[in-house]
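A.B. asks: here is the input, now give the coordinates:
(one chain, ligands or ions: 1)
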Amino acid sequence: MAGVYGTSVIPKPALLAITLLGLTGSPAFARSYNLRDIEVVDPWSRPAPAGATAVGYMVLTNHGKGPVSLLSANTTAAKAISLHQTTVAAGVATMATLPKGIVIPSGGSVSLSPGGYHMMLEKTVGPLSPGGSVPVTLVFSGGKNLRIDLEVRTGTGVASPADAMAGMSRMNH
Ligand SMILES: [Cu+2]
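C.D. replies: You can find the predicted model right below:
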C-alpha cells in the first residue's frame with residue numbers, strides 16, 4: 001500500500017495496527033462479548049473452502065485486576081484450533097505456536113490480527129462463506145469459557161496471512 005508512493009517507511013506491523021484501530025473505532029458495527037472482566041470485540045474470519053486452514057481474529061481486553069490468559073479455543077467448524085504468533089522480518093512472515101496461550105495483562109488489550117497473534121483453524125469442516133459465522137469457544141485461565149461467533153468477511157486487503165498460513169501448514173502440520 002505505502003509502496004505506491006515510492007517510499008515504504010511504515011513497517012508492516014505498524015500499518016496493520018493502524019488498519020485495525022480504524023476498524024475497531026466503530027463500536028456501533030463491532031460485535032462484542034463479555035465474560036466477567038474479559039471483553040472480546042469484533043471476532044472475525046476470512047472466507048475459506050472446506051478442508052482448508054482458516055484464521056480467527058479479534059481484540060481481547062482485560063478489565064480485571066490480574067492477568068488473564070487465553071489458553072486455547074475449540075470449534076465444531078474445524079478439526080482443531082491453534083494459537084499462533086506471526087512475526088514479519090524483512091518481508092518474510094514466520095509463525096510460532098503458543099502452547100502457553102496469550103496473556104492479556106490487567107487493564108490491557110491484545111489484538112489477534114493479520115500479521116500478529118491469530119487463531120488458526122485447521123481443516124475446516126465446511127466452507128466459510130462471507131456473511132456466515134463460525135462458532136468458537138474461548139478457554140481462558142481460571143476455568144472461564146466464552147462462546148463467540150467469528151463473522152466471516154473478506155478482510156482489509158492484507159495479502160500475506162494466507163501465504164504465511166500455507167507455509168506454516170507445510171512446516172508444522
Ligand atoms: Cu497460524
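
A.B. asks: local confidence estimate at Pro99?
C.D. replies: The model reports Pro99 with a pLDDT of 89.

A.B. asks: give me the number of residues near it?
C.D. replies: 9 (other C-beta atoms under 10 Å). Every C-beta, even on glycine, is put in place using the N, C-alpha and C of the backbone.

A.B. asks: what do you get for Ser129?
C.D. replies: Counted with other C-beta under 10 Å, the neighbours of Ser129 add up to 11.

A.B. asks: doesn't Val152 make contact with it?
C.D. replies: Yes: counting by C-beta atoms under 8 Å, Ser129 does reach Val152; the two are 6.1 Å apart.

A.B. asks: mutual contacts of those two, please.
C.D. replies: Pro47 (C-beta atoms under 8 Å, 6 or more residues apart in numbering).

A.B. asks: ok, the longest strand along the chain: who's next to it in the sheet?
C.D. replies: The longest strand of the chain (DSSP state E) is strand 78-89. Paired neighbours of strand 78-89 in the sheet (DSSP bridges): strand 92-97 (antiparallel), strand 117-124 (antiparallel).
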